[in-house]
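Chemist: requesting a structural model of the entry that follows:
(chains A, B, C and D)
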There are 4 protein chains.
Amino acid sequence: MERSVSSLPQEKQERVWRALDGLQIEIPSWGFANTGTRFGKFIQAAAATNLTEKFADASEVHRLTGITPTVALHVLWDLPGGEGSVAQVKELEQTYGVRAGSINPNLFQDQEYKYGSLCNPDPVVREKAVQHMLASVRIAKALDSRDISLWVADGSNYPGTQSISRRIGWLEEALKATHNEMAPTQRLLVEYKPFEPAFYHTDIADWGMAYSLAKAAGPQAVVLVDTGHHALGTNIEQIVAWLLHLGVLGGFHFNDRKFADDDLTIGSIDPYQVFRIFHEILSYKTWNKVHEDQIAYMIDQSHNLKGKMEAMVQTVMQAQELFARAALVDQNLLAELQDSCKLVEAEEHFRGCFYTDVRPMVAEWRQSRGLPANPLEALRTSGYVEKITEERAAKNSNTQSSYA
Amino acid sequence: MERSVSSLPQEKQERVWRALDGLQIEIPSWGFANTGTRFGKFIQAAAATNLTEKFADASEVHRLTGITPTVALHVLWDLPGGEGSVAQVKELEQTYGVRAGSINPNLFQDQEYKYGSLCNPDPVVREKAVQHMLASVRIAKALDSRDISLWVADGSNYPGTQSISRRIGWLEEALKATHNEMAPTQRLLVEYKPFEPAFYHTDIADWGMAYSLAKAAGPQAVVLVDTGHHALGTNIEQIVAWLLHLGVLGGFHFNDRKFADDDLTIGSIDPYQVFRIFHEILSYKTWNKVHEDQIAYMIDQSHNLKGKMEAMVQTVMQAQELFARAALVDQNLLAELQDSCKLVEAEEHFRGCFYTDVRPMVAEWRQSRGLPANPLEALRTSGYVEKITEERAAKNSNTQSSYA
Amino acid sequence: MERSVSSLPQEKQERVWRALDGLQIEIPSWGFANTGTRFGKFIQAAAATNLTEKFADASEVHRLTGITPTVALHVLWDLPGGEGSVAQVKELEQTYGVRAGSINPNLFQDQEYKYGSLCNPDPVVREKAVQHMLASVRIAKALDSRDISLWVADGSNYPGTQSISRRIGWLEEALKATHNEMAPTQRLLVEYKPFEPAFYHTDIADWGMAYSLAKAAGPQAVVLVDTGHHALGTNIEQIVAWLLHLGVLGGFHFNDRKFADDDLTIGSIDPYQVFRIFHEILSYKTWNKVHEDQIAYMIDQSHNLKGKMEAMVQTVMQAQELFARAALVDQNLLAELQDSCKLVEAEEHFRGCFYTDVRPMVAEWRQSRGLPANPLEALRTSGYVEKITEERAAKNSNTQSSYA
Amino acid sequence: MERSVSSLPQEKQERVWRALDGLQIEIPSWGFANTGTRFGKFIQAAAATNLTEKFADASEVHRLTGITPTVALHVLWDLPGGEGSVAQVKELEQTYGVRAGSINPNLFQDQEYKYGSLCNPDPVVREKAVQHMLASVRIAKALDSRDISLWVADGSNYPGTQSISRRIGWLEEALKATHNEMAPTQRLLVEYKPFEPAFYHTDIADWGMAYSLAKAAGPQAVVLVDTGHHALGTNIEQIVAWLLHLGVLGGFHFNDRKFADDDLTIGSIDPYQVFRIFHEILSYKTWNKVHEDQIAYMIDQSHNLKGKMEAMVQTVMQAQELFARAALVDQNLLAELQDSCKLVEAEEHFRGCFYTDVRPMVAEWRQSRGLPANPLEALRTSGYVEKITEERAAKNSNTQSSYA
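Modeler: As a prediction, the model looks like this:
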């Protein structure tokens, strides 16, 4: 049982460092903007309100952590001009040294999508939604973005009001059309979610549906796991193992939750679960060939109360440290203990890695890469938040709150 | 086993009619306004956007159903002038023939409540929140409203960030202060909710906490049950039985849900559960003395997709029909079957009442009271929705959507 | 809106009768035996303790209901002699006029299966389990039973103690081997369950896993839905729609639950959900070709407190009546209302069918087929339970293993 | 942010040691016996099958860990002679150096309790159950056991089959009668559980019911929290905070779970939650007076697959280490950060304590008390399990009833 970092054998340290070298995390542009719940938003003076500010903030996170070189973009909010906005994004990439990452279509905000987008019973609305998908693919091509990340918010609120069955067919058609538009190097990430904003049925509700749709769409379609999109109790790491086994694990939206899709900081409620998910990936890579960057690690959180910059840096650090813990697992030893059904010994080794305090080791790794040992402290001493607070304070207008 | 309505014995029919005569349901002013989810609102042209329109709509619902004489008011939205708005409400009562019902303070929308209202660690904010409570009591007095209906949205999103324990004390103080301000005929309804908008801990999370707080506040404080505010699987009718037993069941916020606090139409997902809740009340009243209007039946739903008027009338009808079904239960027979542990026979009688089609009987009752036999059809033929759509269409501006 | 049975148009009545004519339900042999929870069993004097008694009881249920011609058999409990027991079963089929239905292997009771059966890390145990599967296929062949119904209880209780990933491979191998042994007319039904008796990971935990395994096994492998085997909140009818869409819905294990795999009487907790599941099937059949008997309706309940015979008859009646309600839905009308997004009208038609009291109509159908109008009352007046109680009372000190 | 144990300030180390000095954990006699699920038991040769063996095993756990001086006893299984068995227990206390702890009545195993014990509609059965309670109190008195630990398994499986409401009254009577029998120094611990073995309603389903019953019973009745007895998502540490606030936290049954009442090793699924529970207690003790031994820490787990001795020692170590982590929290600093709403800083301090590897410090504390640094390794090298395996192997064909 490992007891302290300093006593870790050289071989373990090297494994952890290799793992850290391989970990890159994409941060979402919308993670720097004001968000809220249906009951209202608490406005932050330092929140970003345009794409330039989002790139600036993302760049600062990358400067501090060194592992967030890409920014997920949201077509509606970040590229309001569609393909016409591409030039501006390229300029921001140059200015801020972080690149456009996954491209996220928006199929839920338009009033026409009241009864669905790709699954709307009205073929006119479906066609509009498909066109938005195709435009998103073209934007991604223009930006050299590999991944189009699709979340379909469609569903229904009451039994009998929509045909669950026919909507499956419409969805398959839409995804095939999208797949046809993609370049051979692009991927379509299909996200699933059990509920919200639809409260009776959601058209892509679980990984089985996302997987079946990806199969129907074509070989470049894969599945996206948002850790908050599961019924309570679901063994998420098992789903990860299955998606790896089936060769369709495209990536993650990381966050944590206690109840529903709470979009809290990763590991803030159940850090052991994150460790187990990372373990499943690292274990699979030990025994099978997986292309290094097959799995896109992305963040999708909604920090209503925490400061945006502070929360993003904390998130990256937390993910990194849990990844390092998982890298401590001795896969050969664990397999041996598992095969001989030495349950308590297997568990003690496994959990012992989780309980090992890797923070000094990760700090060392950061310093060796020319990064601050503690990015959160570095953020505080940098004065960055104070600077943007002052600059942006005037602009952040108030918004009206919903209630239900 | 009852098979059809016409064959129902006279005694049963009378029991149902008596039950129907005793059922009044309060409708919320905000049930006629646009609502949405954190992902945006779908705007309805016919939605009410000011208090006059809300009273007009409520009045129409009461005209059609005959059992909704009161409107729950929301201090922040409906009485923006505080006590100064009372005169306008009284005028609207006169004009529209429906009265102000429960008074609902708002402790969640102000930016100062970011870290809590009555539970905020800052005593200045707590005091502001208490003052809002006291003003709400005074408004209720001025309006002759018996009930102040309190939902505290306070909580925290992350372990360790707030003291769960000390916040209990602050809450007790605030509720005592509120209780002191009330007239002897007033009541404080304390609502509970497990999560949302707070995602780690919510200060009044379950009925045990609401009950303990009510006890601490004083004898006029009772508990409000929102049917959507429970963990999945919770036996809500048992909680109702306990609150009745303890003498603190103050009332309900009715809605239904499949997942979280989905705020769907009552009985739209699990009608048998509503039947069981009504049974628990009617059964308790059979064997114990309960003041006729001790239990306030209120609606709190959020119809994002259904037409507001249509949904409200449907809700009232649905509640009424499930109430009638519960009134079919023969309490003496059931008690006898329960006492002799004839499980299948007890269940068959109980469920047989749920399965009896009471719609014709309720229609007859409506007609006998000079009401439309089918209020929903009457609404459709009345042209009311078309009228308000035309009148209000121009006013309903678009609102910005949140995302997280 | 339908109001009473007598006013139902002829076309509706015919649709319901056709549906009733097509509904057959398989009852499990173990449904007549004593069962319990981990806290103990409450012994019933009338419970069956051998295969002859189980056939006798099943035969009586079929005599009363007319729709239960087959009995699911459990290899370990009912055919302890393996293929050697086939002759006895055939004799009982002759004697009692009910046939052997699905064949259920047992991979959970043997002490060797402590760490798993088909997924055990020990290849010797895996081979033993596979051999049991092959023997079960041969037994099914010998009995002319089409379906081998597989529930794999394997899993692990603690993170890290077993390799989730490698066990997937072992499972695929075992299912392929089983598939190879089957005759072209046979089917392998793959059941899934989220937890119990394993409490951390269960190897076939959800429909996505069952589906993927069925695909890997071969074209005769399909998925079995046990209604109690889902996380709370899961939209089961949507899973049914997906399995129909993918052509792999093999059948059901019917029961109800409030919390976990409670194995209660179908429709006893959430009857509207059962209605919705039946609707999804009937709707799919309206628009697509489905082989009449593709979907095996089976019961899998554990009546610890209700009398075994009474509970079984009640279950069959309840399933039949909910099926009749679902058959009331006018598929053309509903599709039209769905396509035009008339939400409340669609819901009112849909739920109106659920609320229609079909009991008189089902009673008529029964009588027209020479069956008792009310099988439960017929059971009571038959004296059958009193008879078997007397006959079996002496024997039932002995207990048999539980199953659900 | 704490980084490693060696760098911990002296003050912190002392706080942790003081905490460790104050922690005692009671182990259940039934934790050494064979247990299982409703699907069967996997028999362990080393399992204890009589009270002598249980005391021997408990004594060995205490020898290795030094913090388990008492053994919870189960009246039905451990004192089959009732008060007549007391003498044997006293002898075993002398022989093995561990004392009788809480006394656990059994109200669920007798066939007469099929429809309930203290809540049975039959007054004869209720009286029998009350007599068992009174006998349990007398046994506790005779053994100088302070706590009678009551779990009422009563409930119903189907809506309508029992009166939820009247059973509350019967329960109150029974608890009052029990309270009257107690000596002034004794306590009645009232446990709650949402479901199992009853699947529709359980008479004491949540902490609010247990608290209300304790109040009705008398001042010596308090509440027992079994960590596995909550709906998924429940914030257990908040319930603990409330029970402390109300002065009625009597103790715990420790275990962990992923789904339902899985009775797994404490901290094996969600260790951060256990840390948070311990924090709530330690925090409350910082600011309020709590009698040192007011809170009884007890284990109630069911290790079906792990070796009994190994699992028990692992459990005690795991609880102890999580307790030490919670003791690291600087209550003054945390309160300050909470009061100033520095969310991320508060969280980082709080979680930093959880992430600190206390294992070396706890090992030091053990050695300073003359205990093995690693009790689990000490158990392995002691040969104890091999010894009892050999001694007991012959006897364990027999099985004993499970409990959890």
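
Chemist: could you use CA atoms for every contact and neighbour count after this?
Modeler: OK.

Chemist: element containing A:Leu188, please.
Modeler: Following DSSP states H and E, one finds A:Leu188 within strand A:187-191.

Chemist: ignore what I typed, I meant A:Val222.
Modeler: Using DSSP H and E, the element containing A:Val222 is strand A:221-226.

Chemist: report the inter-axis angle for the next helix or strand after that strand versus strand A:221-226.
Modeler: Proceeding N to C from strand A:221-226, the next assigned helix or strand is helix A:236-245, under DSSP H and E. Here helix A:236-245 runs at an angle of 170 degrees relative to strand A:221-226 (axes from the mean of the first three to the mean of the last three CA atoms, to 10 degrees).

Chemist: for helix A:236-245, name the packing helices and strands.
Modeler: Here helix A:236-245 touches helix A:271-287, helix C:164-181, going by 3 or more CA pairs under 8 Å, 6 or more residues apart in numbering or on different chains; DSSP states H and E.

Chemist: pull out the buried residues from the shortest one.
Modeler: Looking back up the chat, that one is helix A:271-287. Within helix A:271-287, the residues that qualify as buried are A:271-284, counting by 16 or more other CA atoms under 10 Å in any protein chain shown.

Chemist: do the helix or strand following that helix and chain B meet?
Modeler: Next helix or strand after helix A:271-287 toward the C-terminus (DSSP H and E): strand A:296-299. No. Judged by CA under 8 Å from any CA of the partner chain, strand A:296-299 stays clear of chain B, getting no closer than 11.4 Å.

Chemist: which helices and strands does strand A:296-299 pack with?
Modeler: strand A:25-28, strand A:249-254.

Chemist: what about A:Leu213, distance to C:Trp242?
Modeler: Distance, A:Leu213 to C:Trp242, by CA to CA, to the nearest Å: 11 Å.

Chemist: for stretch A:18-32, measure first residue to last.
Modeler: With CA to CA, one end of stretch A:18-32 sits 30 Å from the other.

Chemist: now stretch A:240-250
Modeler: OK, stretch A:240-250 end separation, CA to CA: 10 Å.

Chemist: of all residues in chain A, which one is closest to chain B?
Modeler: In chain A, the residue that lies nearest chain B is A:Arg38 (4.3 Å; CA to the nearest CA).

Chemist: touching chain D at all, stretch A:321-339?
Modeler: No. Contact of stretch A:321-339 with chain D (CA under 8 Å from any CA) is absent, the minimum separation being 10.4 Å.

Chemist: in that stretch, what's buried?
Modeler: In terms of neighbour count (16+ other CA under 10 Å), stretch A:321-339 has its buried residues at A:321-331, A:334-335, A:337-339.

Chemist: so that stretch, near chain C or not?
Modeler: Yes. Using CA under 8 Å from any CA, we find that stretch A:321-339 touches chain C at A:334-335, A:337-339.

Chemist: the closest residue to A:Pro184 other than its chain neighbours: how many residues sit nearby?
Modeler: Of all residues not flanking A:Pro184 in the chain, A:Gln220 sits nearest, at 7.7 Å (CA to CA, 6 or more residues apart in numbering or on different chains). Using other CA atoms under 10 Å in any protein chain shown, A:Gln220 is surrounded by 20 other residues.

Chemist: residues contacting the closest residue to A:Gly155 other than its chain neighbours?
Modeler: Computed as CA to CA, 6+ apart, the closest residue to A:Gly155 that is not its neighbour in sequence is A:Thr202, at 4.0 Å. A:Thr202 makes contact with A:153-156, A:193-196 under the criterion CA atoms under 8 Å, 6 or more residues apart in numbering or on different chains.

Chemist: now do A:Thr202 against chain D, distance only.
Modeler: 22 Å (CA to the nearest CA, to the nearest Å).

Chemist: got it, and A:Ser117?
Modeler: 32 Å.

Chemist: over to A:Arg392?
Modeler: From A:Arg392 to chain D the distance is 21 Å (CA to the nearest CA).

Chemist: next one: A:Gly97
Modeler: 27 Å.

Chemist: residues contacting the residue lying closest to that residue once chain neighbours are set aside?
Modeler: Excluding the flanking residues, the one nearest A:Gly97 by CA to CA, 6+ apart is A:Ser59, at 6.5 Å. Contacts for A:Ser59 (CA under 8 Å, 6+ apart) come out as A:69, A:96-98.
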